[in-house]
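Asks: I'd like to go over a predicted model; first the sequence, then the structure.
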Amino acid sequence: MNHATLLGAMLSPALLNHPGPAQSPPAPAVHGDAEYAVRWRPGGDIAAELADTIARLRRDDAAAATLPPAKNFSIAYYDVAPAAWPDGYAASLRERVEKKNGKEDVELTYKVRGPAPLPSPFPTVPGSGLANVDRQEETDVTVVAARDRSVRNASISCSIKPKKVDIVPEPFATMSGKRPCTIAMTRYKLPWKAARPDDETNGREDLKIETWTFATASGAHRALIEVSWKGTTDPRDEDAFRAAVQPLIDRLPDGVPPSKERTAAECDADTWTP
């Protein structure tokens, strides 16, 4: 076959229109873990506002008089050693104690948190890789009324229960440096699944409703109510959470509400008016 014949064959309609090898479908998007939350400062009677919140989430006014079972915790934050975290990131050490059946269940959590997405590479978070340490990496989404104003933070947390180890590892040591704010938290759960037909792993947890009370050394108080849900970073999960908390939309502040860590720091400073 001469060059002209070969070129003609290469440009023939049959070859030009051939679809070629079958293309593999695009890989599905990978979505990390996320926690969505709405949070606000109650305006008056915390118990009444909590009952109203749960009734709204249930879409049942009559349910306001019946609260789900509660779990009660005491919370304390401790000073942590300075470290060279990326800009905007900070570390915290939290102790959470639940009293149940006359015993205390203690959990210590070292968390590093800052603006999402998480920079790469990222310094090793103390506690990572240690035995009996639960390490979690997730995106914390503070949802506000205007979707484009929601705030996303990335966090890596390492948690340990002292009763499961003989010696508490150094990153979780709480012998000194306890901050002065006294914090109590009560948690309720409501059955709610945001499962979608296309994602059977979604809807892993129920809605959590928590009340946090902060007391300064001089006796001043502040409170927060938070509703949260663990899902993924898939935008459809935020849509599902927003639909669930839509009855609370009038409770949400115009701006971004203070985080629990920030409120605890303000409580430590003891500048609130009793």
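Replies: Looks like it came in fine.
Asks: what about residue 148, which SS state?
Replies: State at residue 148, reduced to three classes by DSSP: H, G, I helix; E, B strand; the rest coil: helix.
Asks: number of nearby residues for it?
Replies: Using other Cβ atoms under 10 Å, residue 148 has 5 neighbouring residues. Bear in mind the C-beta positions are built from the backbone N, C-alpha and C, glycine included.
Asks: any idea how far it is from residue 117?
Replies: Counting by Cβ to Cβ, to the nearest Å, the gap from residue 148 to residue 117 is 17 Å.
Asks: just residue 109 next, same as before
Replies: Distance from residue 109 to residue 117, by Cβ to Cβ: 22 Å.
Asks: ok, now residue 95?
Replies: 29 Å.
Asks: check contacts around the residue nearest to the spatial centre of the chain.
Replies: Most central in the chain under Cα atoms, centre = their mean is residue 35, positioned 3.3 Å from the mean C-alpha point. Residues near residue 35 by Cβ atoms under 8 Å, 6 or more residues apart in numbering: 138, 139, 140, 141, 228, 229, 230, 231.
Asks: Could you save those residues as TSV and add columns showing pLDDT?
Replies: What follows is the contacts of residue 35, written out as TSV (pLDDT from 0 to 100):
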residue	pLDDT
138	96
139	96
140	96
141	95
228	96
229	94
230	93
231	92
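Asks: Mark which of these are part of helices, please.
Replies: Applying DSSP state H to those, no entry is found in helices.
Asks: Select from those residues the one having the most neighbours.
Replies: Going by other Cβ under 10 Å, residue 229 tops these with 26 neighbours.
Asks: partners of that one in the sheet?
Replies: residue 36 (DSSP bridges).
Asks: Okay, it and residue 157: tell me how far apart.
Replies: Relative to residue 157, and taking Cβ to Cβ, residue 229 is found at 17 Å.
Asks: picking that back up, more neighbours: residue 95 and residue 117, which one.
Replies: Neighbour totals were compared for residue 95 and residue 117, and residue 95 leads with 19 against 11 (other Cβ under 10 Å).
Asks: Please, which helix or strand holds the more buried one?
Replies: Using DSSP states H and E, residue 95 falls within strand 90-100.
Asks: Leaving out sequence neighbours, find the closest residue to residue 104.
Replies: Nearest residue to residue 104, sequence neighbours excluded (Cβ to Cβ, 6 or more residues apart in numbering): residue 97, at 5.4 Å.
Asks: for residue 163, that is, sorry about that
Replies: Using Cβ to Cβ, 6+ apart and skipping residues adjacent in sequence, the residue nearest residue 163 is residue 106, 6.9 Å away.
Asks: can you pull the contacts of the one you found?
Replies: Per Cβ under 8 Å, 6+ apart, neighbours of residue 106: 95, 96, 97, 161, 162, 163.
Asks: rerun that using 7 Å as the cut-off
Replies: By Cβ atoms under 7 Å, 6 or more residues apart in numbering, the contact list for residue 106 reads 95, 97, 161, 162, 163.
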